[in-house]
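Participant: Quick check, what structure comes out for this input:
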Amino acid sequence: MKIIEEIVNRRSVREYAEKPVEEEKLARILEAGRLAPTARNQQDWRILIVSDPHLKGRLVDEASPHQSFLKRAPIILAACALNPDYVMRCGHPAYLIDLAIVLEHIALQAVREGLGTCWIGSFDEDKAKSILQVPAPVRIVELMSLGYPDRLPEARKRKPTQELYKRGSW
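Facilitator: Numbers count the residues shown, from 1 in each chain. Next up is the predicted model:
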């Protein structure tokens, strides 16, 4: 069990092969998201799995036109927050953190399954909600593509560890 391999190999995939995602792989990926920790263990989120080509096309054309590569991904996940008003004691809204953990669990399991993902924050939420028929109080926080990479991009340069971490106090 070496999760560091999935972490090292995760990429933002924007080129997808024309190959459907097998249901058993999708089930394992979704299970990884289900097991993510959430504030108060409420699991105040839902993921819409969008695989219909017509619906994906509308979602991209109308709500995320700058991300046309999404049409080639077999699946677009829409990460939705059921309770966007809950703020944790630290003052941060829980839904943003909860769904970030859920989606990263999904992204890492996707790598394990030989698939790729890409986080998408460039979309019009109101248009996406209308297309996907998401109820008014629910927020769509992120979109994520999912599928077999046609090509893996090179790893991006990261800052060195000693520049990013401090011990004890600032």
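
Participant: what ranges do the helices span in this structure?
Facilitator: With DSSP state H, the ranges of helices along the chain come out as 4-9, 23-34, 53-58, 94-112, 125-132, 161-164.

Participant: Indicate which one of those is closest to N41.
Facilitator: Closest to N41 of the helices of the chain, according to CB to CB: helix 94-112, at 10.0 Å. Any C-beta I mention is one placed from the backbone N, CA and C, and that applies to glycine too.

Participant: about what we covered before: any idea which of the helices of the chain is most buried?
Facilitator: Comparing the helices of the chain by mean neighbour count (mean count of other CB atoms under 10 Å), helix 94-112 comes out on top with a mean of 21.

Participant: now what about that one, what contacts it?
Facilitator: 3, 6-7, 9-10, 28-33, 35-40, 42, 44-45, 47, 77, 79, 81-84, 86-88, 116-117, 119, 139, 141-142, 144, 146 (CB atoms under 8 Å, 6 or more residues apart in numbering).

Participant: can you state the direction angle for that helix and helix 23-34?
Facilitator: Interaxial angle, helix 94-112 versus helix 23-34 (axes from the mean of the first three to the mean of the last three CA atoms, to 10 degrees): 150 degrees.

Participant: per-residue confidence averaged over helix 94-112?
Facilitator: The average pLDDT within helix 94-112 is 98.

Participant: D150 is nearest to which of the helices of the chain?
Facilitator: helix 94-112 (14.8 Å).

Participant: got the CA positions of the closest one in PDB?
Facilitator: Taking Å, rounded to 0.1, in the frame of the first residue of the first chain, the C-alpha atoms of helix 94-112 are listed here in PDB:
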ATOM      1  CA  ALA A  94     -17.300  23.200   5.500                       C
ATOM      2  CA  TYR A  95     -18.600  22.400   2.000                       C
ATOM      3  CA  LEU A  96     -15.500  23.700   0.200                       C
ATOM      4  CA  ILE A  97     -13.200  21.600   2.300                       C
ATOM      5  CA  ASP A  98     -15.400  18.600   2.300                       C
ATOM      6  CA  LEU A  99     -15.800  18.400  -1.500                       C
ATOM      7  CA  ALA A 100     -12.100  19.100  -2.000                       C
ATOM      8  CA  ILE A 101     -11.300  16.000   0.100                       C
ATOM      9  CA  VAL A 102     -13.900  14.000  -1.700                       C
ATOM     10  CA  LEU A 103     -12.700  15.000  -5.200                       C
ATOM     11  CA  GLU A 104      -9.000  14.400  -4.300                       C
ATOM     12  CA  HIS A 105      -9.900  10.900  -3.000                       C
ATOM     13  CA  ILE A 106     -11.700  10.400  -6.400                       C
ATOM     14  CA  ALA A 107      -8.700  11.700  -8.300                       C
ATOM     15  CA  LEU A 108      -6.200   9.500  -6.500                       C
ATOM     16  CA  GLN A 109      -8.300   6.300  -6.900                       C
ATOM     17  CA  ALA A 110      -8.700   7.200 -10.600                       C
ATOM     18  CA  VAL A 111      -4.900   7.200 -11.000                       C
ATOM     19  CA  ARG A 112      -4.800   3.700  -9.300                       C
END
